[in-house]
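Undergrad: Make a model of this:
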Amino acid sequence: MTSWLPGNLPQRVERAGMMFVPLTPALLDQDYAAVMRDITMLRAWSGQDWPTADFPIESNLADLVRHDREQRDGIALTYSVLLHGVVQGCIYVRPALEALRTRGLEGASSLQLVAADVVVRGWLHDRSPADLIAASMSWLGAAPFTFPRLWWQASSACPDQLAACDELGLTDALRFDGPGGTWELRSP
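TA: Prediction:
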């Protein structure tokens, strides 16, 4: 593992009726169903043309293999979010500067971001964005994690996530314009 992650990553976390488990190829069928359920929402959330209407399950498998490898290599964390035992969403966790780079914002800088800060982003069906954000920030802000500061990343194309950040008191905001629109990082 890299220095930003503890050696004992949680394999199952329950918060507010949601279960977070590492996203692996074993969850392919459930993950694919969740991804294809609301293409419009995921395109707005991702700032990309992903997923396409004809997104093949084989491409989803390749994504899951990549996420699993990144987690094992300590590059990033990706957890599926289950409701009643069924995958309904996902969260992605990366060091802040790497998170900006993956959004095409590598030239962006801010005095409020430090290399040890961590960015979380995610999506979920059938529960409010506030539920997902609060649950994610709660367990990632506790042991075994020791991140100095957590930021929630949201796209301006997802006003429900930005409103949830306001509702939860995540009012420190950094805004970045880049590919796919305007991105905000929110933190208490």
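Undergrad: downstream neighbour of whichever strand or helix holds Arg101 in the secondary structure list?
TA: Per DSSP states H and E, Arg101 falls inside helix 96-102. For helix 96-102, the following helix or strand on the C-terminal side (DSSP H and E) is strand 118-124.
Undergrad: what's in contact with the helix or strand following that next one?
TA: Moving toward the C-terminus from strand 118-124, the next helix or strand (DSSP H and E) is helix 129-140. Residues from elsewhere that reach helix 129-140, judged by C-beta atoms under 8 Å, 6 or more residues apart in numbering: 10, 13, 15-16, 18, 20, 81, 89, 91, 93, 118, 120, 122-124, 147, 150, 152, 158, 160-161, 163-165, 167-168, 170. From N, CA and C alone the C-beta is placed, and that goes for glycine too.
Undergrad: Just the buried ones from the residues you listed?
TA: Buried members of these, counted by 16 or more other C-beta atoms under 10 Å: 10, 13, 15, 18, 20, 81, 89, 91, 93, 118, 120, 122-124, 147, 150, 152, 158, 161, 164-165, 168, 170.
Undergrad: tally of neighbours for Arg43?
TA: 16 (other C-beta atoms under 10 Å).
Undergrad: Can you tell me what sits against the helix or strand Phe20 falls within?
TA: Using DSSP H and E, Phe20 sits within strand 18-22. Strand 18-22 is contacted from outside by 9-14, 27, 68, 71, 77-83, 85, 91, 124, 127, 131-132, 135-136, 139, using C-beta under 8 Å, 6+ apart.
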